[in-house]
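J.: sequence and predicted structure, then a few things I'm wondering about:
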Amino acid sequence: MPRFSANLGFLWPDLSLPEAIRAAHAAGFDAVECHWPFETAIEEVQAALADTGLKMLGLNTRRGDISAGDNGLAAQPGREPEARAAIDEAIAYAAQIDCAAVHVMAGFGRSAEHRAAFLDNLSYACARARPHNITILIEPLNRHDAPDYFLHTTDQAAAIIREVAADNLALMFDCYHVGRSEGDVITRARALQNHIGHIQFAGVPARGVPDQGELNYAAIFAALDGMGWHRPLGAEYKPGAARTQDTLGWMKTLTG
């Protein structure tokens, strides 16, 4: 039986992070994760996690200067100081809330220089995260939503993981991004299972509720369960105009 983590970057967007953690607990989620929690006081997040007994599974490094088009810094040559400051900030925050993983965002560009910067910054991130028992995650983003994002296929991510060769570097396998760019979600998950550190999902192609769209998540969840994946799966979908609590019927209909 699959278990689920609420991604609070998208779910309960009208609530503060601590309030969203409590809402996720009330809705029956087994864990939570978020995007960029840095403007929320650590003590408030700690209190909400303690009150609910939920584990924070992951958070992201800052994207950089969003107004200038940044979507991550780690694969940006010449910006190593900024990238490493973002890595340090994310690891420090994660360590204080006992968060399991940090997703290091790459940014745009696909040259050899971008790749070299990414490898160096990932090695740095893994070394900084290891004393805190934190996993560093990398995530390919689909070509429709993030054209020219450095990391764009699961094979590319797997090759980088092998090259960095750090025991705390893993793949964020987002069924939504894989479904949009590569297809064969179940086959890809089986092929990559030794590299996967976390799994997320949303409906394809609209990134809405998972019981709508092209992907059969009942089959995907059953396949992941059959692979022996028993950690919570990250619900990272956009509820749209609906209240988040009114979109959660899939938690029953897709797991029967």
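T.: That came through, no problem.
J.: now do the contacts for Leu54.
T.: By Cβ atoms under 8 Å, 6 or more residues apart in numbering, the contact set of Leu54 is Ile21, Ala24, His25, Phe29, Asp30, Ala31, Val32. All C-beta spots, glycine's among them, are computed from the backbone N, C-alpha and C.
J.: farthest pair in those residues?
T.: Comparing all pairs in the contacts of Leu54 by Cβ to Cβ, the longest separation belongs to Ile21 and Asp30, at 12.6 Å.
J.: of those two, who's got more company?
T.: Neighbours were counted for Ile21 and for Asp30 using other Cβ atoms under 10 Å; Ile21 has more, 26 against 17.
J.: ok, and for whatever helix or strand the more buried one lives in, which residues are buried?
T.: When secondary structure is defined by DSSP states H and E, Ile21 falls within helix 17-27. Applying a neighbour-count criterion of 16 or more other Cβ atoms under 10 Å, one finds Leu17, Pro18, Ala20, Ile21, Arg22, Ala23, Ala24, His25 buried in helix 17-27.
J.: which residues does stretch 62-79 contact?
T.: Applying Cβ under 8 Å, 6+ apart, the contact partners of stretch 62-79 are 36, 38, 61, 82-83, 86-87, 89-90, 104-109, 111, 113-118, 121-122, 125, 146, 149-151.
J.: any idea of the mean pLDDT in stretch 135-151?
T.: Averaging the model's pLDDT scores along stretch 135-151 yields 97.
J.: from the chain's centre, how far out does that stretch sit?
T.: Averaging C-alpha coordinates over stretch 135-151 and over its chain gives two centres that are 11 Å apart (Cα atoms, centre = their mean, to the nearest Å).
J.: straight-line length of that stretch, end to end?
T.: Its first and final residues considered, stretch 135-151 spans 18 Å by Cα to Cα, to the nearest Å.
J.: with stretch 2-18 instead?
T.: 25 Å.
J.: and what of stretch 60-78?
T.: Here stretch 60-78 reaches across 21 Å from its first residue to its last, counting by Cα to Cα.
J.: nearest to Gly240, of the contacts of Leu54?
T.: Proximity of the contacts of Leu54 to Gly240 (Cβ to Cβ) peaks at Ala24, which lies at 18.1 Å.
J.: how about the nearest residue to the closest one once chain neighbours are set aside, phi and psi?
T.: Taking Cβ to Cβ, 6 or more residues apart in numbering as the measure, Ala24 lies nearest to Ala6, with 3.8 Å between them; neighbours along the chain are not counted. For Ala6, the backbone dihedrals are phi -90, psi 120 (criterion: degrees, to the nearest 10).
J.: mind checking how far Ala6 is from Trp12?
T.: Ala6 sits at a distance of 8 Å from Trp12 (criterion: Cβ to Cβ, to the nearest Å).
J.: between those two, what contacts are shared?
T.: Both Ala6 and Trp12 are contacted by Ala20, Ala24, under the criterion Cβ under 8 Å, 6+ apart.
J.: the more surrounded of those two?
T.: Neighbours around Ala6 and Trp12, counted as other Cβ under 10 Å, are more numerous at Ala6. The numbers are 29 against 20.
J.: right, and the more buried one touches Glu33 too?
T.: Yes - counting by Cβ atoms under 8 Å, Ala6 touches Glu33, with 7.4 Å between them.
J.: okay, now the nearest residue to Glu139 once chain neighbours are set aside: neighbour count?
T.: Nearest non-adjacent residue to Glu139, counting by Cβ to Cβ, 6+ apart: Met172, 3.6 Å away. A count of neighbours around Met172, defined by other Cβ under 10 Å, yields 27.
J.: now Met172, what's its secondary structure?
T.: Secondary structure assignment for Met172 (DSSP: H, G, I helix; E, B strand; the rest coil): strand.
J.: okay then, goodbye and thanks.
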